[in-house]
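Asks: Sequence plus the predicted model coming up.
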Amino acid sequence: MPYSSDIIKIFFVQNHGQNFGINYGRIANNLPSLSHVSIILKSLNVNRIKLYDANPNVLSSFSNSNVEFIIGLGNELLQTMRDPSKAQTWIQQNVQSYISKTKITSINVGNEIVGSNDVGNIIHLLPAMQSVYNALVTLGLSQQVTVTTTLSYNILSNSFPPSNSAFRKYLIQYIQPLLSFQAQIKSPFFINAYPFFAYKDDPDHALLNYVLFQQNPGYIDPNTNLHYVNLLYAQIDVVYAQKKCLLVFRSCCNMNENLEMMCFENRFHMIRLCCEIVEENS
């Protein structure tokens, strides 16, 4: 029997090479057993999993394995996590209890808070991340586990062509201190990119083969002459390769020459993008 299309999504993480993993959601019907999921992932050579929570059954089932986990701290907990004692309790229960056997490498604090309609939680996001990070430091886990958040692609006011992309002006007041903190703690920067939605909203400017990674003439940015062979590559480039984005990174992160060079010449070395691609499985 086919499984829900919301169970597994693909994400790519590139850093010193190419790797891919899955987003493992468990809010669905007809869920496969954990043992079946484990078999599927092994057959695909998947060694990275992003959870939307910190499900204890999942973490326990992958103990003593080579699978690395990004665990989620839900949007509904952000205000609570501003309290340092509650953040430390959460880390003790959901990280410290498992990390000796399960490879937890990152905590994703909130999902698509910046760029969404969840305006009330934006003010809690950075303080929550800071409390979670400080709890990791207190418990001696900050060298093993990073703290990050996943941003919505909606943070961009313009994304076409990639060289003309820009953050939404009203969000910069939140993005700048967030990126400054992440640069300070050397945290990866995650963003959700959905080629499907871009195609759905504007099919006239995105050939289907360009979206589906099939053979196509590609797209050449008229300002940079960069040639994009698929829409996902263009979407990723939008986030970090255009000048307005660089200005935000410079101003908030106080980048030195070496760090700027990493951003351009070894771009994925500095920034890991969590790019979700929804797979519609019937």
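Replies: Looks like it arrived, so ask away. Numbers count the residues shown, from 1 in each chain.

Asks: Report all helices and strands that the longest strand anywhere in the chain contacts.
Replies: Counting by DSSP state E, the longest strand found in the chain is strand 103-111. Under the contact definition 3 or more Cβ pairs under 8 Å, 6 or more residues apart in numbering; DSSP states H and E, strand 103-111 sits against strand 68-73, helix 78-81, helix 119-138, strand 146-151. C-betas here are computed from N, CA, C, even on glycine.

Asks: Which of the ones you listed comes out lowest on mean pLDDT?
Replies: Mean pLDDT per stretch puts strand 146-151 lowest among the helices and strands packed on strand 103-111, at a mean of 91.

Asks: Of all the residues in the next helix or strand after that one, which ones are buried?
Replies: The helix or strand immediately downstream of strand 146-151 is strand 156-158, counting by DSSP states H and E. Applying a neighbour-count criterion of 16 or more other Cβ atoms under 10 Å, one finds L156 buried in strand 156-158.

Asks: neighbouring strands for strand 156-158, and are they parallel or not?
Replies: strand 166-167 (antiparallel) (DSSP bridges).

Asks: in the helix or strand following the strand it pairs with, what counts as buried?
Replies: Using DSSP H and E, the helix or strand that follows strand 166-167 in sequence is helix 172-184. Buried residues in helix 172-184, defined by neighbour count with 16+ other Cβ under 10 Å: 172, 174-176, 178-179, 181-183.

Asks: Adding distance to N225 and pLDDT, write those out as a markdown table.
Replies: Output for those, formatted as a markdown table (distance: Cβ to Cβ, whole Å; pLDDT from 0 to 100):
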| residue | distance to N225 | pLDDT |
| --- | --- | --- |
| I172 | 28 | 82 |
| Y174 | 33 | 88 |
| I175 | 28 | 85 |
| Q176 | 30 | 82 |
| L178 | 32 | 88 |
| L179 | 28 | 83 |
| F181 | 35 | 89 |
| Q182 | 31 | 87 |
| A183 | 30 | 82 |
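
Asks: Out of those residues, the closest to K42 would be?
Replies: Proximity of the buried residues of helix 172-184 to K42 (Cβ to Cβ) peaks at Q182, which lies at 32.3 Å.

Asks: And the pLDDT at the nearest residue to the closest one once chain neighbours are set aside?
Replies: In space, and not counting its chain neighbours, Q182 is closest to F189: 6.1 Å by Cβ to Cβ, 6 or more residues apart in numbering. Turning to F189, the model gives it a pLDDT of 80.

Asks: Same question for Y3.
Replies: Y3 is assigned a predicted lDDT (pLDDT) of 42.

Asks: Determine the number of other residues adjacent to the residue nearest to Q182.
Replies: Using other Cβ atoms under 10 Å, F189 has 20 other residues around it.

Asks: For S163, see how far away it is.
Replies: 20 Å (Cβ to Cβ, to the nearest Å).

Asks: now for the host helix or strand of Y233, which elements pack on it?
Replies: In the assignment (DSSP H and E), Y233 maps to helix 231-240. The contact analysis (3+ Cβ pairs under 8 Å, 6+ apart) places helix 231-240 against helix 195-201, helix 243-253.

Asks: For it, C-alpha coordinates in CSV please.
Replies: Provided in CSV are the C-alpha atoms of helix 231-240 (Å, rounded to 0.1, in the frame of the first residue of the first chain):
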residue,chain,number,x,y,z
LEU,A,231,15.5,25.8,-11.3
LEU,A,232,16.8,24.4,-8.0
TYR,A,233,20.3,25.6,-8.7
ALA,A,234,19.0,29.0,-9.6
GLN,A,235,16.9,29.2,-6.4
ILE,A,236,19.9,28.3,-4.3
ASP,A,237,22.1,30.9,-6.0
VAL,A,238,19.4,33.5,-5.4
VAL,A,239,20.0,33.2,-1.7
TYR,A,240,23.7,33.9,-1.6
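
Asks: Quick one: mean pLDDT over it.
Replies: pLDDT averaged over helix 231-240 gives 79.

Asks: repeat for stretch 194-208
Replies: Stretch 194-208 shows a mean pLDDT of 78.

Asks: same deal with stretch 41-56?
Replies: 87.

Asks: Can you give the contact residues for that stretch?
Replies: 11, 13, 19-27, 58, 62, 66-74, 94-95, 98, 108, 111, 274 (Cβ atoms under 8 Å, 6 or more residues apart in numbering).

Asks: and that stretch, how far from the chain's centre?
Replies: Relative to its parent chain, stretch 41-56 has a centroid offset of 14 Å by Cα atoms, centre = their mean, to the nearest Å.
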